[in-house]
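Visitor: whatever this is, show me its structure:
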Amino acid sequence: MMSTLKDLAVRLFDAGAVQLGDIEAMDGRWTPVYFDFRIIVSHPEIMMAVAVHLQNLATEINHDILCGVPYAALPLAAVMSVNTSTPMIMKRKETKQYATKKIIEGVYTKNQNCLVVEDVVTSGGSLLETVSTLRHESLTVTHAVVVLDREQGGASVLKANGVELRPLFTLRNLTQILRDVDRISDETVDVIAEHIKVCQFGKKDNFC
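Guide: Purely as a prediction, here's the structure:
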């Protein structure tokens, strides 16, 4: 198992979870770097290492249950749940249309502290949607642990909504690690840094 975040960053890159180029993201934006952490479900050692590092962040946060943002973070939350014997609940993408008609699957009680698990935060929208659903179900949500904060405004949006983000990596930190081990060039680091600067969500001068 990878013992350091530096080791983990390299393994994620080598596994193809970090992709470089002029790439179209899910919402139609173009980005010089894209993260596909879904790929780690095919790499059990990497998935375990990511989960363990997230668990280390979680030890500093008071929580009773875990909830992964669907779908990429669900396997991570499940591994964390098993490793730490912490109950987990699952938010559905949409309300079940038959039988129980639930939006949240699993067992929970009112006012429990729920720690949200996410893979990547950009604008914060997906994570905030999950937080809103959990709060609507009378759960308390104050923190989220995430593999990567792209540093494009999502953390500020979440903070404004009462959620503190705890990331394993920031985009600048991750790219610097990869540059230090010669996985990416200085030019790529500069391109990504400029993208972070220009593409900030929640600001009037956002040019994403």
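
Visitor: when you work out contacts or count neighbours from here on, use the C-alpha atoms and nothing else.
Guide: OK.

Visitor: ok, longest helix in this structure?
Guide: helix 44-58 (DSSP state H).

Visitor: can you list the buried residues in that helix?
Guide: With burial defined by 16 or more other C-alpha atoms under 10 Å, the residues of helix 44-58 counted as buried are Ile46, Met47, Met48, Ala49, Val50, Ala51, Val52, His53, Leu54, Gln55, Leu57, Ala58.

Visitor: surely the first one touches Asp14?
Guide: Which is Ile46. No - distance between Ile46 and Asp14: 10.9 Å, which falls outside the contact criterion (C-alpha atoms under 8 Å).

Visitor: which residue comes closest to Arg172 once chain neighbours are left out?
Guide: Once flanking residues are discounted, Arg172 sits nearest to Ala193: 6.9 Å by C-alpha to C-alpha, 6 or more residues apart in numbering.

Visitor: count the residues that sit near the one you found.
Guide: The number of residues packed around Ala193, counting by other C-alpha atoms under 10 Å, is 15.

Visitor: assign it to helix, strand or coil.
Guide: Each residue gets one of three states, and Ala193 gets helix by DSSP: H, G, I helix; E, B strand; the rest coil.

Visitor: strand partners of the helix or strand bottoming out on mean pLDDT in the chain, parallel vs antiparallel please.
Guide: When the helices and strands of the chain are compared on mean pLDDT, DSSP states H and E, strand 18-24 comes out lowest with a mean of 85. In the sheet containing strand 18-24, its partner strands are strand 30-35 (antiparallel), by DSSP bridges.
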